[in-house]
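Student: Requesting a structural model of the entry that follows:
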Amino acid sequence: MMAVDATRRRLLLLVAIGCLLVACRPTSGAGLVSERCAANSPCGSGMRCATCSPLPGSGPAVCSRITPIDPKTHGTGLPFNKYSWLTTHNSFAISGSPSATGAPIVSMPNQEDSITDQLKNGVRGLMLDTYDFKNDLWLCHSFAGKCYDFTAYQPATKVLKVIQAFLDSNPSEVITVFVEDYSAPGSLSKALAAAGLTKYVFPPAKMPTNGADWPALKDMVAQGHRLLVFTSKKGREGSDGVAHVWNYVVETKYGSDGLAVGSCASRGESRAMDSKAQSLVLLNFFTTNPSQTWACVNNSSPLITKLRTCYDAFAKRWPNFIAVDFYMRSSGGGAPLAIDVANGRLQCGCDIISYCKPNAPFGTCTLPSSKHSSSSPSLTPSSSRPSSPTPAPALAPTQSPSSVPSPSSSPYLAPHL
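Tutor: From the prediction side, this is the model:
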């Protein structure tokens, strides 16, 4: 019980201090995270002004984060599996979008903005469901495993061309696509070729096996291997030139069952979460029936709590991909904050990426403002941290709130989850 209480206090302190936190400093007069906002009182860069829940009367509009700190902030020399990337579940299922068939869509949406805007906001993992439909490969939901006019969103090539345009325009970026594949052999490779993406696909033959580290991010970029495509179907390396996801990734249970407090079970098709034969880790965190209101709650403090729970289940690893519905919904830091926390732990052993000290040994941490360099919120017990000549001390569970830096004393945004 004492250990649970200590972890809870650490989480509350993380909520209070937040990231210290956001990648960007607000423009003059711009709102901070969780502050009320309006058209004439906008939020800072990397945020939006909206109510957490879209339900009428759910409260005033506040500034909430929609963009994580760029995982490449402190360099690209680490293996790809030492970075964490914001991932959208059913990225194509966008609220209010009509079906390209002309029929109204009756399936429930999972996101609120276009793939173009998702990529602009720092999303680097996309989950797509593919079906053979109307003599083409379509992005679709299904009934009994089949795609229909009223559940089909658009041909996959349209979204793949958006990815191609982004990669062409952003030569240092890497995107990962997770395909829940219901198509015939050859359909996916045909769509990738039609979108001009074949040249970017990381060849499965060059992917690391037996849990070995991936190439350095900078080397993947230099070699042009900037698109990882994983499919749920076995045997597609030959027919489509894409990798079977569970050879390389361990993945948590999806849907409402995956939200259970205190546990971190694996998806049925995945190897156990502590399997070291796979070097990439995917954390799913969304309800079975998508809801903007539920996402508002789940993408806030419960997601940060889940990171700590799953760290142990992942054999002391942090997730490389965090997949959520309605990624822009939260009461403050949201999914972007979770990505910042994972990147801090992965890249430098600090509690958040903004604490990573450039060109320093692993475990050397500093606050963005030297004025407050004596404290750092902790998600990981100090006994599991790497040693360092100058480690950042963790906040004691009994630390007084008065010792926490206030938003007004820090040049960084101080959000609430």
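Student: tally of neighbours for the residue lying closest to Val324 once chain neighbours are set aside?
Tutor: Distances taken as Cβ to Cβ, 6 or more residues apart in numbering place Ala335 nearest to Val324, at 4.8 Å, with adjacent residues excluded. All C-beta atoms are positioned from the backbone trio N, CA, C, and that covers glycine. When neighbours are defined as other Cβ atoms under 10 Å, Ala335 has 31 of them.
Student: residue contacts, Ala335?
Tutor: Counting by Cβ atoms under 8 Å, 6 or more residues apart in numbering, Ala335 makes contact with 68, 86, 299, 303, 322, 324, 327.
Student: Apply 7 Å and report the result again.
Tutor: For Ala335, the contacting residues are 86, 299, 303, 322, 324, 327, by Cβ atoms under 7 Å, 6 or more residues apart in numbering.
Student: Dihedrals phi and psi, it?
Tutor: phi -60, psi -40 (degrees, to the nearest 10).
Student: quick one on the thing from earlier: list only buried entries from the contacts of Ala335.
Tutor: 86, 299, 303, 322, 324, 327 (16 or more other Cβ atoms under 10 Å).
Student: hmm, back to that, would you reformat the contacts of Ala335 as a markdown table and include distance to Arg124?
Tutor: Below are the contacts of Ala335 laid out as a markdown table (distance: Cβ to Cβ, whole Å):
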| residue | distance to Arg124 |
| --- | --- |
| Leu86 | 6 |
| Asn299 | 17 |
| Leu303 | 17 |
| Ile322 | 11 |
| Val324 | 13 |
| Tyr327 | 12 |
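Student: now the strands for the stretch 151-300 of the chain?
Tutor: 152-155, 175-182, 227-231, 243-244, 249-251, 280-285 (DSSP state E, counting those that start in this stretch).
Student: picking that back up, so which of the contacts of Ala335 belong to strands?
Tutor: Applying DSSP state E to the contacts of Ala335, the entries found in strands are 86, 322, 324.
Student: From Phe286, how far out is the second one?
Tutor: Noted for Ile322: a distance of 10 Å to Phe286, by Cβ to Cβ, to the nearest Å.
Student: List the single closest residue to Cys350 in space, sequence neighbours excluded.
Tutor: Using Cβ to Cβ, 6+ apart, the closest residue to Cys350 is Cys365 (3.8 Å).
Student: Spatially central residue for the protein, please.
Tutor: For the chain, Leu86 is the residue whose C-alpha lies nearest the centre (Cα atoms, centre = their mean; 2.1 Å).
Student: for that one, what are its contacts?
Tutor: The contact partners of Leu86, taken as Cβ under 7 Å, 6+ apart, are 68, 122-125, 322, 327, 335-336, 339.
Student: How about it: which residues does it bridge to?
Tutor: Leu86 has these beta-bridge partners by DSSP bridges: Val123, Ile322.
Student: per-residue pLDDT, it?
Tutor: Predicted confidence (pLDDT) for Leu86: 98.
Student: do the same with Ser28
Tutor: Taking Ser28 on its own, its pLDDT is 45.
Student: Alpha carbons of stretch 178-196, as CSV, please.
Tutor: These are the backbone C-alpha positions of stretch 178-196, laid out as CSV (Å, rounded to 0.1, in the frame of the first residue of the first chain):
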residue,chain,number,x,y,z
PHE,A,178,0.2,-0.4,-38.8
VAL,A,179,-2.1,-2.2,-41.2
GLU,A,180,-5.0,-4.3,-39.9
ASP,A,181,-5.1,-6.3,-43.1
TYR,A,182,-8.1,-7.9,-44.6
SER,A,183,-6.9,-7.8,-48.2
ALA,A,184,-5.5,-10.4,-50.6
PRO,A,185,-1.8,-10.9,-51.1
GLY,A,186,-0.4,-8.2,-53.4
SER,A,187,-3.2,-5.6,-52.7
LEU,A,188,-1.1,-3.6,-50.2
SER,A,189,2.1,-3.5,-52.3
LYS,A,190,0.1,-2.4,-55.3
ALA,A,191,-1.4,0.5,-53.3
LEU,A,192,2.0,1.4,-51.9
ALA,A,193,3.5,1.5,-55.4
ALA,A,194,0.6,3.6,-56.8
ALA,A,195,1.2,6.1,-54.0
GLY,A,196,5.0,6.3,-54.8
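Student: for it, which positions count as buried?
Tutor: Buried, per 16+ other Cβ under 10 Å, within stretch 178-196: 178-183, 187-192, 194-196.
Student: before we move on, the earlier item: quick check: the gap between the residue nearest to Val324 and Phe285.
Tutor: 8 Å.
Student: what sits in contact with each of these two?
Tutor: Shared contacts of Ala335 and Phe285, defined by Cβ under 7 Å, 6+ apart, are found at 303, 322, 324.
Student: from memory the second one sits against Asn284, does it?
Tutor: No: the criterion here is Cβ atoms under 7 Å, and Ile322 misses it with Asn284 at 8.6 Å.
Student: Okay, and Lys306 sits in which element?
Tutor: Element membership for Lys306, per DSSP states H and E: helix 301-313.
Student: so that helix versus strand 280-285, what angle?
Tutor: Using axes from the mean of the first three to the mean of the last three Cα atoms, to 10 degrees, one finds that helix 301-313 and strand 280-285 are set 140 degrees apart in direction.
Student: looking at this protein, which helix or strand does the model trust least?
Tutor: helix 2-17 (a mean of 46; mean pLDDT, DSSP states H and E).
Student: next helix or strand past that one?
Tutor: With DSSP H and E, the next secondary element past helix 2-17 is strand 47-50.
Student: Off-centre distance for that following strand?
Tutor: 18 Å (Cα atoms, centre = their mean, to the nearest Å).
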